[in-house]
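Asks: return atomic coordinates for the entry below.
(one chain, ligands or ions: 1)
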Amino acid sequence: MAKMELRSEGPIKTRTENGILEVTLDRPKANAIDLATSRIMGLVFRDFRDDDSLRVAILRAEGEKFFCPGWDLKAAAGGDPVDGDYGVGGFGGIQELPGLNKPVICAVNGICCGGGLEVALSCDIILASDNATFALPEIRSGTVADAATIKLPKRIPYHVAMDLLLTGRWFDAEEALRWGLLREVTTPGDLLSKTWELARLLESGPPLVYAAIKEVVRAAEDMRFQDTLNRITKRQFATVDRLYGSDDLHEGQRAFAEKRDPVWRGR
Ligand SMILES: CC(C)(COP(=O)([O-])OP(=O)(O)OC[C@H]1O[C@@H](n2cnc3c(N)ncnc32)[C@H](O)[C@@H]1OP(=O)(O)O)[C@@H](O)C(=O)NCCC(=O)NCCSC(=O)/C=C/C[N+](C)(C)C
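Replies: A predicted model of the protein is given here:
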């Protein structure tokens with residue numbers, strides 16, 4: 001799809017620089033996500049997915065104290081049902097968005113808990129400032145940290161994941177880094193510049209290869225190794241087929257032979 005008008009709506013602000021989209025969650029007091037916010041986030045990430053001019057997204061939040069404490073418990077207490085309509089991307093607009101084959105970076109400042117941590121875990125790379133704190137306190141609000149319950153035991157040691165899920169205890173950025181959840185811990189002042197630095201690096205990378213990586217990684221979660229490999233070599237993933245039939249494939253090889261940097265066109 002060609003370049004489209006990006007929405008900045010209600011608590012969701014967006015800005016772009018070249019192929020990078022920055023999405024800011026700005027919903028005082030704590031950036032909690034209610035159904036309406038989740039639906040807007042879904043439309044923003046859907047537009048990002050479908051806009052050929054955009055290659056990388058950043059998800060961040062406004063304010064020093066909270067990245068996001070997850071589900072808006074006041075809205076829930078007021079009647080938002082737990083199984084309500086979270087929109088096209090599921091909770092936070094990104095957790096279940098189909099076909100999101102572009103890199104998304106999350107920049108976490110302050111408190112990141114419950115569904116807020118689940119949204120961060122839906123991104124591909126996470127940076128956090130040294131004032132970030134994390135928890136899955138859903139046990140106290142009588143809900144299941146649904147996506148984290150599926151993802152965490154696959155990403156960090158089982159016994160650590162179970163400790164976090166069953167106790168809801170808080171952990172800091174250094175511990176999150178130790179478990180491999182974070183790429184980097186920065187000062188609060190450096191978080192955004194470091195995140196943009198990474199986004200610019202990814203923006204200069206090969207978008208068709210990134211798309212293939214993301215589709216294959218997602219599919220491989222439910223597939224056997226040999227079946228996944230066969231599907232890659234037989235070009236049975238749409239993204240791999242597109243990559244192998246693209247000029248970018250030859251551009252990478254030409255650039256190597258000519259001792260220059262490749263110029264990726266995404267076609
Ligand atoms: C310990 C927390 C995180 C921080 O405590 P504090 O004392 O430093 O700050 P305070 O509680 O005064 O918070 C400032 C204001 O922000 C409001 N707030 C905080 N969290 C939420 C929230 N989740 N929803 C709505 N509003 C929130 C808080 O009420 C204060 O406003 P007022 O000044 O009172 O007007 C502490 O805030 C805390 O424990 N928060 C709840 C964290 C939590 O339990 N998160 C998990 C929610 S369940 C979830 O995310 C499930 C997701 C799955 N699914 C999508 C399927 C439902």
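Asks: please make it C-alpha for all contacts and neighbour counts, starting now.
Replies: Will do.
Asks: identify all contacting residues around the helix or strand of the chain with the lowest mean pLDDT.
Replies: Between all helices and strands in the chain, the lowest mean by mean pLDDT, DSSP states H and E belongs to helix 138-141, at a mean of 91. For helix 138-141, contacts defined as Cα atoms under 8 Å, 6 or more residues apart in numbering pick out Gly114, Val144, Ala145, Leu165, Leu166, Thr167, Gly168.
Asks: can you check stretch 224-241 too?
Replies: Leu208, Val209, Ala211, Ala212, Glu215, Val216, Ala219, Ala220, Tyr244.
Asks: where does the stretch 1-150 of the chain have low pLDDT?
Replies: 1-6 (pLDDT under 70).
Asks: get me the contact residues on it for the ligand.
Replies: Residues of the stretch 1-150 of the chain lying near the ligand by Cα under 6 Å from any ligand atom: 29-30, 32, 69-74, 82, 91, 113-115, 137-138, 141, 145-146.
Asks: and if we set it to 5 Å?
Replies: Contacts of the stretch 1-150 of the chain with the ligand, taken as Cα under 5 Å from any ligand atom, map to Lys29, Ala30, Pro69, Gly70, Trp71, Asp72, Leu73, Lys74, Gly114, Gly115, Pro137, Glu138.
Asks: what are the boundaries of the strands in the stretch 101-250 of the chain?
Replies: 104-108, 111-113, 125-129, 133-135, 171-172, 184-186 (DSSP state E, counting those that start in this stretch).
Asks: TSV for these, including distance to Tyr158?
Replies: Below are the strands of the stretch 101-250 of the chain laid out as TSV (distance: least, Cα to Cα, whole Å):
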stretch	distance to Tyr158
strand 104-108	24
strand 111-113	19
strand 125-129	20
strand 133-135	16
strand 171-172	16
strand 184-186	22
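Asks: same list (those strands) but as a markdown table, adding distance to Ala61 and mean neighbour count.
Replies: A markdown table is the format used below for these (distance: least, Cα to Cα, whole Å; neighbours: other Cα atoms under 10 Å):
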| stretch | distance to Ala61 | mean neighbour count |
| --- | --- | --- |
| strand 104-108 | 7 | 26 |
| strand 111-113 | 10 | 26 |
| strand 125-129 | 12 | 24 |
| strand 133-135 | 14 | 23 |
| strand 171-172 | 18 | 16 |
| strand 184-186 | 16 | 20 |
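Asks: right, I'll call it a day here.
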